Structure formats: C-alpha cells, structure tokens
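Visitor: my questions are about this predicted structure, shown below with the sequence.
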Amino acid sequence: MAKSPQELTEYKRKFNEDNYERIGIYLKIGEKEQWQEAAKKSGQSMSRFIRSCVNKYLKGGV
C-alpha cells in the first residue's frame, strides 16, 4: 500500500534525525551569497561545499 505524503514526510524526518546532526551558523549579510557562488562554481551544493572545506581544513590541507 502506498504511503501518504504525511507518512513519507515523517519517515524522512525520522531517518534524518537518526542519521544526521544539524548545526546552525550565522553569517554577516552578504557572506551567504559569496558562499553560494563559491559552491556553485565548484559544482557542489552549499552543504557539500561547506563540509568539503571543513574536511580539507581538518586534514591539514589549508
């Protein structure tokens, strides 16, 4: 039997809650647009771009 949209949303919410952690970040006005442009130029989503930058830093690549 097909799941209702509400059931699918709840499933996705629960999956994300069980498998991911969230962080929030405040940026100065204009920084978000700069980050979005850099992510776009690198062919990545904003989330993937931020994670790759942090991971590069943690590996000593900066």
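Guide: In hand now; what should we look at?
Visitor: what's the distance between the longest helix along the chain and the middle of its chain?
Guide: The residue-count maximum for a helix in the chain (DSSP state H) belongs to helix 5-19. Distance of helix 5-19 from its chain centroid, counting by Cα atoms, centre = their mean, to the nearest Å, is 17 Å.
Visitor: neighbouring contacts of that helix?
Guide: For helix 5-19, contacts defined as Cβ atoms under 8 Å, 6 or more residues apart in numbering pick out residue 3. Every residue, glycine included, has its C-beta placed from N, CA and C.
Visitor: same check on stretch 50-62?
Guide: The contact list for stretch 50-62, computed with Cβ under 8 Å, 6+ apart, reads 35, 39, 42, 44.
Visitor: could you say what helices and strands the host helix or strand of the second one packs with?
Guide: Okay, so that is residue 39. Using DSSP states H and E, residue 39 maps to helix 31-41. Judged by 3 or more Cβ pairs under 8 Å, 6 or more residues apart in numbering; DSSP states H and E, helix 31-41 is in contact with helix 46-58.
Visitor: follow-up on the earlier one: any buried residues in the longest helix of the chain, and which?
Guide: Judged by neighbour count (16 or more other Cβ atoms under 10 Å), helix 5-19 contains no buried residues.
Visitor: picking up where we left off before, who wins for most neighbours among the contacts of stretch 50-62?
Guide: The residue in the contacts of stretch 50-62 with the most neighbours, by other Cβ atoms under 10 Å, is residue 39 (18 neighbours).
Visitor: against residue 21, how distant is the spatially closest residue to that residue that is not a sequence neighbour?
Guide: Distances taken as Cβ to Cβ, 6 or more residues apart in numbering place residue 49 nearest to residue 39, at 3.6 Å, with adjacent residues excluded. Noted for residue 49: a distance of 18 Å to residue 21, by Cβ to Cβ, to the nearest Å.
Visitor: higher neighbour count, the two?
Guide: Taking other Cβ under 10 Å, residue 49 and residue 21 do not tie; residue 49 has more neighbours (18 against 6).
Visitor: I am finished for the moment; much appreciated.
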